[in-house]
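Engineer: Next comes the sequence, and after it the predicted model I'd like to discuss.
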Amino acid sequence: MQIQNSFDLFCLLKNLGYLKNPPHNLWWPNAGRFEVIIGAILVQNTRWESAFNAINRLRTKDLLSLESLANIPLTTLQNLINDVGFFRQKSQRILWLCQNILVEFGDFESFCENVSREWLLSQKGIGNETCDAILCYGALREEMVADQYTYKLLKSYGYELENYDDIKEWLVSGIIENYEKICKLYGYPIPLNVLYARFHGKIVEYCKENKFK
């Protein structure tokens, strides 16, 4: 099948049955909660299973909150996530980010309401993909995530988009231009933030099943 735009890709993945969870599920576990920030950092260059296990350890220790992680001793955090790639670096960055969020916003709810993409990108260790994952799944903003799975999938269809912003723009433009058609596919007016989240989830599930690495 020839993919002319991101609407074609979305329809292909939907017709193939990807993202089988309920229509309003945002794909990322516990979307809208603080833990998304931590997961988005932990999963960098790491298998999601390892990141998920680390998050569960923090939850078990009752440490999965903004205040707890802003004040945790660095060595304690390192020991709790030491099976995650680059755990020393990530521990420091989690600590700094949580402290900065408290200083700048006061709490997670205010962060979600007021944070800008520019502020997030100014934080140590937060690149485009991590930033958009936090905004999309944590703050529930209308941001599309363009990850390495997306890059490799588009490349398989002949698209040579190297720049993150170019890939994101390609994904967003086809969705916006065909938004009414997508709502008809679902049978209800699906919010854009939900649509972007589900589109990203479809891409990841497809690529994992078809062994895009």
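Structural biologist: That came through fine.

Engineer: Number of residues surrounding residue 103?
Structural biologist: 9 (other Cβ atoms under 10 Å). C-betas here are computed from N, CA, C, even on glycine.

Engineer: how about it, phi and psi?
Structural biologist: Main-chain dihedrals, residue 103, degrees, to the nearest 10: phi -70, psi -40.

Engineer: quick one, strands of this structure?
Structural biologist: Counting by DSSP state E, the chain forms no strands at all.

Engineer: any idea how it splits into domains?
Structural biologist: 6-23+145-206, 34-138 (the TED database).

Engineer: Against residue 14, how distant is residue 185?
Structural biologist: Residue 185 is 7 Å from residue 14, where distance means Cβ to Cβ, to the nearest Å.

Engineer: right, so of the domains of the chain, which gets closest to residue 212?
Structural biologist: Residue 212 lies closest, by Cβ to Cβ, to one member of these: domain 6-23+145-206, at 4.8 Å.

Engineer: Kindly check the end-to-end length of that closest one for me.
Structural biologist: Using Cα to Cα, to the nearest Å, the end-to-end distance of domain 6-23+145-206 comes to 15 Å.

Engineer: tell me, what residue is most central in this structure?
Structural biologist: Geometric centre of the chain, nearest residue: residue 133, 2.6 Å, by Cα atoms, centre = their mean.

Engineer: I figured that one hits residue 40, correct?
Structural biologist: Yes - the pair residue 133 / residue 40 is scored as a contact, 4.3 Å apart, by Cβ atoms under 8 Å.

Engineer: Quick check: which ranges of the chain have low pLDDT?
Structural biologist: Along the chain, the parts satisfying pLDDT under 70 run over 1, 20-25, 213.

Engineer: Tell me which stretches of it form helices.
Structural biologist: Under the criterion DSSP state H, the chain contains helices at 6-15, 35-42, 48-60, 66-71, 74-80, 87-105, 108-114, 117-121, 128-133, 148-156, 164-177, 179-186, 192-209.

Engineer: Please produce a markdown table containing the domains of the chain, extended by distance to residue 212.
Structural biologist: Shown next, in a markdown table, are the domains of the chain (distance: least, Cβ to Cβ, whole Å):
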| stretch | distance to residue 212 |
| --- | --- |
| domain 6-23+145-206 | 5 |
| domain 34-138 | 14 |
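
Engineer: re earlier: what's the closest of the helices of the chain to residue 141?
Structural biologist: Shortest distance between residue 141 and these, using Cβ to Cβ, is found for helix 192-209: 6.1 Å.
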